[in-house]
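# predicted model and sequence follow; I will ask about them next.
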Amino acid sequence: MTDDLPAGRAAGGGEPADGPPPPGPAPDAPAPDALAPAVGRGGRRRDQAIALGWLVAIWLLLWGDLTWGNLFAGLVVGAAVLLFFPLPPVTFGGRLRPGPLLVLAVTFAGELVSASLHVAAVALRPGYRPRGAIIAVPLRVRTDLNLALTAEVISLVPGTLILEVDRDHGVLYVHVLDVRGPEDLTGSRERILAVERRIVRAVGSPAEVRQLELEPVDRRNHP
């Protein structure tokens, strides 16, 4: 059982999580829809194949066992999700970069092990009551694909949980475990932005990679 920090302070600007939503994109930042290229029939099929691949990967991660049976079941479940629950088209205008993809995979595996050990230590510590907090993290690349990928990777790491996604403002609301002070809020926020950076560098377009140089909204407004 966790106790939230007083006033539910959000990371970065120290604003309450239930306060006014963060402001919209900066005037010089391109809107998310402006980054999405037009989708033809071939592009749509490619996007569906990529979505199926991610669904299968998530299915295997949830089961935690790579077998032919789990792989086949993941393909069936992924195809059923795409067929019976179609989502609005999310275009993929990025590039797959093997080097950053490897960095993303290795770093994720390391964080998965580290976070699992930390949560286990917290659970086994006698008489210790960890405190939790909800933080708002504005992303720099606000496309639907980046929001979804970043939220999925964060949710798979023990100790962090996505509570809400503000699509209009590109903000993730994340519950973090074992918060002892403001420095832990800042550290959690920086780790989430680092996840976004690795994802964009691995699969983002050149324009999205350049957006990583922009400071998050709340950091610009609250130095």
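Sure thing, it's come through.
# for Leu149, pull up the helix or strand it's in.
When elements are assigned from DSSP states H and E, Leu149 belongs to helix 144-156.
# so what does the very next helix or strand once past that helix touch, helix or strand wise?
The helix or strand immediately downstream of helix 144-156 is strand 160-166, counting by DSSP H and E. Contact here means 3 or more CB pairs under 8 Å, 6 or more residues apart in numbering; DSSP states H and E; on that basis strand 160-166 packs against helix 144-156, strand 171-176. Using the backbone N, CA and C atoms, a C-beta is placed for each residue, glycine as well.
# which stretch in the ones you listed has the least confidence?
Mean pLDDT per stretch puts helix 144-156 lowest among the helices and strands packed on strand 160-166, at a mean of 91.
# just the CA trace of it, in PDB.
Output for helix 144-156, consisting of C-alpha atoms alone and laid out as PDB, is shown next (Å, rounded to 0.1, in the frame of the first residue of the first chain):
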ATOM      1  CA  ASP A 144       0.500   9.000 -31.500                       C
ATOM      2  CA  LEU A 145       3.100   6.300 -32.300                       C
ATOM      3  CA  ASN A 146       5.700   7.800 -29.900                       C
ATOM      4  CA  LEU A 147       3.100   8.300 -27.200                       C
ATOM      5  CA  ALA A 148       2.000   4.700 -27.500                       C
ATOM      6  CA  LEU A 149       5.500   3.200 -27.700                       C
ATOM      7  CA  THR A 150       6.900   5.300 -24.800                       C
ATOM      8  CA  ALA A 151       3.800   4.400 -22.600                       C
ATOM      9  CA  GLU A 152       4.200   0.700 -23.400                       C
ATOM     10  CA  VAL A 153       7.900   0.600 -22.500                       C
ATOM     11  CA  ILE A 154       7.400   2.500 -19.300                       C
ATOM     12  CA  SER A 155       4.500   0.300 -18.200                       C
ATOM     13  CA  LEU A 156       6.500  -2.900 -18.700                       C
END
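# from the centroid of this protein, which residue is nearest?
Thr150 (1.9 Å; CA atoms, centre = their mean).
# pretty sure that residue sits against Ala194.
No: assessed by CB atoms under 8 Å, Thr150 is found out of contact with Ala194, at 10.4 Å.
# where does pLDDT dip in this structure?
Along the chain, the parts satisfying pLDDT under 70 run over 1-43, 87-93, 215-223.
# try 50
Low-confidence segments of the chain, defined by pLDDT under 50, are located at 1-21, 23-38, 218-223.
# looking at it, which helix is longest?
Here the longest helix in the chain is taken by residue count, with DSSP state H as the criterion, and it is helix 98-124.
# coming back round to it: do you know which of the helices and strands packed on strand 160-166 lies nearest Leu214?
Shortest separation from Leu214 across the helices and strands packed on strand 160-166 is recorded for helix 144-156, at 13.3 Å, computed as CB to CB.
# which one is Val171 nearest to, not counting chain neighbours?
The spatial neighbour of Val171 that comes closest, neighbours along the chain excluded (CB to CB, 6 or more residues apart in numbering), is Pro138 at 4.9 Å.
# helices of the chain, start to end?
Taking DSSP H as the criterion, the chain carries its helices at 41-63, 68-84, 98-124, 144-156, 182-203, 206-211, 217-221.
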